[in-house]
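Asker: A structural model of the following input is requested.
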Amino acid sequence: MQTSSLRNLVVALICAFSLFTGCNGSSSSPTSSVVRSALSRNTSPSVPDADLAAVVSGNNQFALNIFPLIGNDNTNSSFSPYSITQAFALLTAGAQGNTLTQIELALCFTLPQERLNPAFNKLDLLITQANDGSNNRPIIHNANALWLQQDFSILPTYLDTLAVNYGAGVHTVDFVTAWEPARLAINAWVAEQTNNKILNLMPSGSVTTDTKLVLTNAVWLKAAWAAPFEPSATSAESFFNRDGSSASVPFMHQISAFPYAETAGCRAVELPYVGNDLAMLVVLPNPGSFDAFLGTFSPAVLGQITTALTLQGIELNLPKFRADGDFGLKETLSALGISDAFSPNADFSLIDGRHDLSVASVEHKAFTVIDENGTEAAAATGIGAGGGYVSTSIPLAIDHPFLYLIRDRTTGLILFMGKVVNF
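Answerer: As a prediction, this is how the structure comes out:
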């Protein structure tokens with residue numbers, strides 16, 4: 001097989017949080033139409049608890065494996081491991097041989113395909129149905145789409161897998177003679193799914209006449225704190241940056257009851273959102289130890305922290321912040337062991353019945369904004385947070401580099417993760 005005959009597949013991933021009204025679907029543009037399987041999504045999949053736990057465990061392991069590779073700089077960052085793992089689950093449904101094995105190892109997929117896709121379906125349904133916006137609860141909207149060259153054939157079995165497990169269809173476009181309108185159509189879909197928070201996922205030049213398939217995933221979260229901060233209490237204080245400098249930034253203040261822990265070389269506090277199913281875990285390594293802590297942060301350490309959380313009176317000072325992520329993940333995923341998918345050796349023959357499709361790029365964008373009301377961006381049960389009087393409180397100033405993880409407390413799934421190291 002000649003390298004020049006390879007057809008390019010672009011994997012694009014978008015994650016977004018928002019405090020604004022979002023969209024619940026996608027629509028065709030004049031440059032695309034949608035092809036779907038005749039099968040409907042299975043909204044009541046029978047999945048063993050062990051399979052669900054395996055997907056969550058794999059997602060979290062992948063999150064902590066990749067984070068040091070994409071977060072080792074002096075910028076604040078945000079990403080969604082769940083967006084990445086789900087997009088690659090769609091991709092592995094079309095992979096075979098070493099291509100499949102390498103992706104499974106890098107993404108920490110431990111289930112066979114016939115169990116992996118239903119497990120991802122079940123997890124997505126649990127997360128989105130529990131966070132439907134009712135009674136001021138968070139809203140999570142998750143959407144997947146494939147963008148296909150209009151004369152390019154996809155196997156019906158692959159279309160069925162997309163439909164049954166992900167509710168996804170295929171948008172047919174003309175990359176060959178109208179690659180720029182196709183790129184704009186993809187970006188318009190992304191903007192719609194993220195309430196116009198991500199406007200240019202696919203930059204100029206990222207789609208060419210060689211492109212044959214683009215895969216997109218968007219995760220959008222709207223969430224309000226269970227115990228909001230009082231805006232009038234926000235005041236300027238010093239944050240001590242990773243490079244040793246300091247900056248005066250707005251800090252939010254609240255004395256309330258929060259799950260809190262001191263363990264594993266850090267202090268941690270969990271801020272639940274309305275409904276208490278979702279929460280942001282803030283992990284504050286001891287001063288001067290951020291780099292060393294990041295190098296040892298593992299699922300076991302995360303488990304130590306979450307197990308140690310107990311409800312305490314906390315005098316919390318937390319900076320308002322924004323963290324962005326704009327990552328080309330091809331080199332990072334190569335470092336985790338994926339090689340065939342990016343080469344002429346790629347085997348995605350379960351997508352099209354041929355062996356001439358390879359991954360051209362993997363793009364991921366995210367941003368997170370934290371303020372007094374909750375979380376804005378574009379993507380254990382029973383511990384509650386009170387907003388009332390506490391007789392004693394532990395001072396906790398988040399005034400030096402820290403990590404944050406937005407988690408589903410029922411399953412333990414890490415939806416979003418990032419770091420704040422500099423202002």
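Asker: how about the helices in this structure?
Answerer: For the chain, the helices defined by DSSP state H cover 49-70, 81-92, 97-107, 113-130, 156-166, 179-193, 290-296, 299-308, 330-335, 349-352.
Asker: between the ones you listed, which gets nearest to Ala223?
Answerer: Counting by C-beta to C-beta, Ala223 lies closest to helix 113-130 out of the helices of the chain; the figure is 12.2 Å. Yep, even glycine has a C-beta here, placed from its N, CA and C like the rest.
Asker: Send over that closest one as PDB, restricted to the C-alpha atoms.
Answerer: Provided in PDB are the C-alpha atoms of helix 113-130 (Å, rounded to 0.1, in the frame of the first residue of the first chain):
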ATOM      1  CA  GLN A 113     -15.500  -4.400  21.900                       C
ATOM      2  CA  GLU A 114     -18.800  -6.200  22.400                       C
ATOM      3  CA  ARG A 115     -18.900  -5.000  26.000                       C
ATOM      4  CA  LEU A 116     -17.000  -1.700  25.800                       C
ATOM      5  CA  ASN A 117     -19.500   0.100  23.600                       C
ATOM      6  CA  PRO A 118     -22.600  -0.800  25.600                       C
ATOM      7  CA  ALA A 119     -20.700   0.100  28.800                       C
ATOM      8  CA  PHE A 120     -19.900   3.600  27.400                       C
ATOM      9  CA  ASN A 121     -23.600   3.900  26.300                       C
ATOM     10  CA  LYS A 122     -24.800   3.000  29.900                       C
ATOM     11  CA  LEU A 123     -22.300   5.400  31.500                       C
ATOM     12  CA  ASP A 124     -23.400   8.300  29.200                       C
ATOM     13  CA  LEU A 125     -27.100   7.600  29.900                       C
ATOM     14  CA  LEU A 126     -26.500   7.500  33.700                       C
ATOM     15  CA  ILE A 127     -24.500  10.800  33.600                       C
ATOM     16  CA  THR A 128     -26.800  12.800  31.300                       C
ATOM     17  CA  GLN A 129     -30.100  11.500  32.700                       C
ATOM     18  CA  ALA A 130     -29.100  12.300  36.300                       C
END
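Asker: what angle sits between it and helix 156-166?
Answerer: 40 degrees (axes from the mean of the first three to the mean of the last three C-alpha atoms, to 10 degrees).
Asker: thinking again about what came up before, tell me the most buried of the helices of the chain?
Answerer: Of all the helices of the chain, helix 81-92 has the most neighbours on average by mean count of other C-beta atoms under 10 Å, namely a mean of 25.
Asker: Which pLDDT value belongs to the spatially closest residue to Ala218 that is not a sequence neighbour?
Answerer: Nearest non-adjacent residue to Ala218, counting by C-beta to C-beta, 6 or more residues apart in numbering: Gln193, 3.8 Å away. Among the per-residue scores, Gln193 shows a pLDDT of 82.
Asker: same question, Gln149
Answerer: You'll see Gln149 listed with a pLDDT of 85.
Asker: Same check on Val359?
Answerer: Predicted confidence (pLDDT) for Val359: 82.
Asker: Identify the bridge partners of it.
Answerer: On the basis of DSSP bridges, Val359 is bridged to Leu9.
Asker: count of neighbours near it?
Answerer: A count of neighbours around Val359, defined by other C-beta atoms under 10 Å, yields 25.
Asker: Next: the one 5 residues further on.
Answerer: Using other C-beta under 10 Å, the number of residues around His364 comes to 25.
Asker: That one reaches Ser83, doesn't it?
Answerer: Yes - between His364 and Ser83 there is a contact under C-beta atoms under 8 Å: 7.1 Å.
Asker: what sits against the nearest residue to Tyr166 once chain neighbours are set aside?
Answerer: Using C-beta to C-beta, 6+ apart and skipping residues adjacent in sequence, the residue nearest Tyr166 is Asn144, 5.0 Å away. The contact partners of Asn144, taken as C-beta atoms under 8 Å, 6 or more residues apart in numbering, are 86-87, 90, 162, 166-168, 215-218.
Asker: Alright, I will stop here.
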